[in-house]
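Let me see the structure of the following:
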Amino acid sequence: MNEKMLDAINEQIKWELYSSYLYLSMSTWYNSIGLQGFANWERIQAKEERDHAMKLYDYVLFRGENVELQSIDAPPSSWESPEKAFEFQYAHEQEVTAMINNLVEIALEVRDHATYNMLQWFVNEQVEEEDNARTILEKLKVVSGETGKGVLFMIDRDLSTRVYAPSVTPPA
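As a prediction, the model looks like this:
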């Protein structure tokens, strides 16, 4: 594998693990303010992000290369409100999308078609990730303010029904 491509994937593994860490931190914060449904949603999101990191990790190993794990910064631990937390999450997912797009550009630049093909899963996944965060953020904006407090608990209940489903990785 081209060294530039390998370095970029190793960097992306770090960011996927950071995302997992971030969403676990959000889960902790939601628990602390009594929104266990939001906490459940974020905890599952953290597991998905870990799966994304492992998908890249396994791909690097499958290609006969070594993974170089990097330091992960501590994520924020509190937000002003659920709405502000989802604004942060949506912006974060947009940043991750830009990182994935950069990986695709590198794969094209170095003519690594196998990696380009593998990355298409991530391109599609980021569309879903951004949509999830944006949809919840839009709901939170609708219910913001004193009259929306009861609706917040309805959203919390809805989010508590999310169940973790590991992503299926097609054979490489």
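
If you count neighbours, what's buried in the helix or strand hosting residue 29?
Using DSSP states H and E, residue 29 falls within helix 3-32. Within helix 3-32, the residues that qualify as buried are 5-6, 8-10, 12-27, 29-30, counting by 16 or more other CB atoms under 10 Å. For every residue, glycine as well, the C-beta is placed using N, CA and C.

can you give me the helices for the protein?
Here the chain has its helices, by DSSP state H, at 3-32, 36-62, 82-109, 113-143, 149-159.

Would you mind pulling up the elements that the second one packs against?
Contacts defined by 3 or more CB pairs under 8 Å, 6 or more residues apart in numbering; DSSP states H and E place helix 36-62 against helix 3-32, helix 113-143, helix 149-159.

and if we set it to 7 Å?
Applying 3 or more CB pairs under 7 Å, 6 or more residues apart in numbering; DSSP states H and E, we find helix 36-62 packed against helix 3-32, helix 149-159.

now swap in the third one and tell me
With contacts taken as 3+ CB pairs under 7 Å, 6+ apart, helix 82-109 sits against helix 3-32, helix 113-143.

Could you identify which of those has the lowest mean pLDDT?
Lowest mean pLDDT within the helices and strands packed on helix 82-109: helix 113-143, at a mean of 93.

Using neighbour counts, pick out the buried residues of that helix.
115-116, 118-119, 121-122, 125-126, 129-130, 132-133, 136-137, 139-140, 143.

Then stretch 67-86?
Here stretch 67-86 shows 67, 75, 79, 82-83, 85-86 as buried, counting by 16+ other CB under 10 Å.

returning to what we had before: among the helices and strands packed on helix 36-62, which is nearest residue 110?
Nearest to residue 110, of all those, is helix 3-32, at 5.4 Å by CB to CB.

how far does that closest one sit from the chain's center?
7 Å (CA atoms, centre = their mean, to the nearest Å).

again with stretch 128-136
10 Å.

ok, now stretch 88-96?
8 Å.
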